[in-house]
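Participant: structure here, sequence nowhere to be found:
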Ligand SMILES: NC(=O)c1ccc[n+]([C@@H]2O[C@H](COP(=O)([O-])OP(=O)(O)OC[C@H]3O[C@@H](n4cnc5c(N)ncnc54)[C@H](OP(=O)(O)O)[C@@H]3O)[C@@H](O)[C@H]2O)c1
């Protein structure tokens, strides 16, 4: 099995890397990260550079693995806050700069990854492409408000995933494209918004254990949908 993990320096991406490195059915792992990945001497992992906010970088990354037929591609990149700003609590906090940055990383970036990596999915047997999204992107589930750009970037990502699922079915009937909600996971992204001892907090390894089981059970019917770590469908 050939696996591609984009965002392998992140808490969740790295836990996926660990998880699949220990899987005997996995022959090759192609790992992509913006910052340098610290890896043990594991011959099955090949690491490449990628900046998901730059089309040339994504194109170049896809060219590095030309000819590989991926059975599974996981896109685990994303941002919620930067050194300059956090998620918007109120209408007063909205700005073009925040929308541009968050949408570029969370929506346009994964969309352009799809442009270059969807054609690399295996066409001879079931292949899967999974984008880490977020439950807060669900409009029907929005009860608290706030986090305008992050929420909207994930809502838009879910729409892109749905589009991918429709278009890919014409050229690769065995491909399944989904969004995944990992739960609340200890990471750099979640750190400012979680507290130690919080009851619903997963370690990255716990979350990935659940997500890997969801990925394993994906069926054609799931194409285009957004699934939670417990296997439940998250409504748009
Ligand atoms: N943690 C949670 O509770 C939670 C909940 C719901 C959804 N999610 C989603 O899960 C995904 C992973 O989050 P995480 O918790 O693992 O966060 P994380 O530890 O902060 O990891 C984020 C990853 O995204 C990468 N990244 C950001 N911008 C990039 C760019 N321009 N080019 C390449 N890589 C870039 C980071 O690379 P660097 O190492 O180079 O910065 C890092 O590898 C995100 O999509 C997030 O929205 C997380």
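Facilitator: Cool, got the structure. Here the structure is a predicted model, which is why all the values come from computation and not from measurement.
Participant: surely residue 62 is within a helix?
Facilitator: Yes. Counting by DSSP: H, G, I helix; E, B strand; the rest coil, residue 62 is part of a helix.
Participant: what residues does the protein put near the ligand?
Facilitator: With Cβ under 6 Å from any ligand atom as the criterion, the chain meets the ligand at residues 7, 9-13, 33-35, 50-53, 76-79, 105, 132, 134, 181-182, 184-185, 187-190. Where C-beta positions appear, they are placed from N, C-alpha and C, glycine not excepted.
Participant: mind listing what's buried along stretch 15-35?
Facilitator: Of the residues in stretch 15-35, 15-17, 19-21, 26, 28-34 count as buried by neighbour count, 16 or more other Cβ atoms under 10 Å.
Participant: so which residues make contact with that stretch?
Facilitator: Contacts of stretch 15-35 from elsewhere in the structure, counted by Cβ atoms under 8 Å, 6 or more residues apart in numbering, are 1-9, 13, 37, 39, 42, 44-52, 61, 65, 68, 70, 74, 76-77, 203-205, 207-209, 211-212.
Participant: now do 6 Å
Facilitator: Residues lying outside stretch 15-35 but in contact with it, judged by Cβ atoms under 6 Å, 6 or more residues apart in numbering, are 1-6, 8-9, 42, 44-48, 50-51, 61, 65, 74, 204-205, 208, 212.
Participant: take the residues of the chain next to the ligand and keep only those in helices.
Facilitator: Members of the residues of the chain next to the ligand lying in helices (criterion: DSSP state H): 11, 12, 13.
Participant: which of the residues you listed sits closest to residue 111?
Facilitator: When these are compared for distance to residue 111 (Cβ to Cβ), residue 13 wins out at 18.2 Å.
Participant: okay, now that closest one: neighbour count?
Facilitator: The criterion is other Cβ atoms under 10 Å. On that basis, residue 13 has 25 neighbouring residues.
Participant: go on, residue 160?
Facilitator: Neighbour count of residue 160, defined by other Cβ under 10 Å: 18.
Participant: residues contacting residue 98?
Facilitator: The neighbours of residue 98, taking Cβ under 6 Å, 6+ apart as the test, are 85, 149.
Participant: buried sites along the helix or strand harbouring residue 160?
Facilitator: The secondary structure element spanning residue 160 is helix 148-171 (assigned by DSSP states H and E). Neighbour-count burial for helix 148-171, counted by 16+ other Cβ under 10 Å, picks out 148-162, 164-165, 168-169.
Participant: can you tell me the average pLDDT over that helix?
Facilitator: Looking at helix 148-171 alone, the average pLDDT works out to 98.
Participant: equivalent analysis for stretch 115-125, please.
Facilitator: pLDDT averaged over stretch 115-125 gives 98.
Participant: what about the closest residue in space to residue 8 that isn't next to it in sequence, helix or strand, and which?
Facilitator: On the basis of Cβ to Cβ, 6 or more residues apart in numbering, the spatially nearest residue to residue 8 that is not a chain neighbour turns out to be residue 31, at 4.1 Å. Under the criterion DSSP H and E, the helix or strand holding residue 31 is strand 28-33.
Participant: so how far is that strand off the chain centroid?
Facilitator: 14 Å (Cα atoms, centre = their mean, to the nearest Å).
Participant: that strand pairs with which strands, and in what direction?
Facilitator: Here strand 28-33 is paired, per DSSP bridges, with strand 2-6 (parallel), strand 45-49 (parallel).
Participant: can you redo the ones you listed as JSON lines with mean neighbour count and mean pLDDT?
Facilitator: Putting the strands paired with strand 28-33 into JSON lines (neighbours: other Cβ atoms under 10 Å; pLDDT from 0 to 100) gives the following:
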{"stretch": "strand 2-6", "mean neighbour count": "25", "mean pLDDT": "98"}
{"stretch": "strand 45-49", "mean neighbour count": "17", "mean pLDDT": "94"}
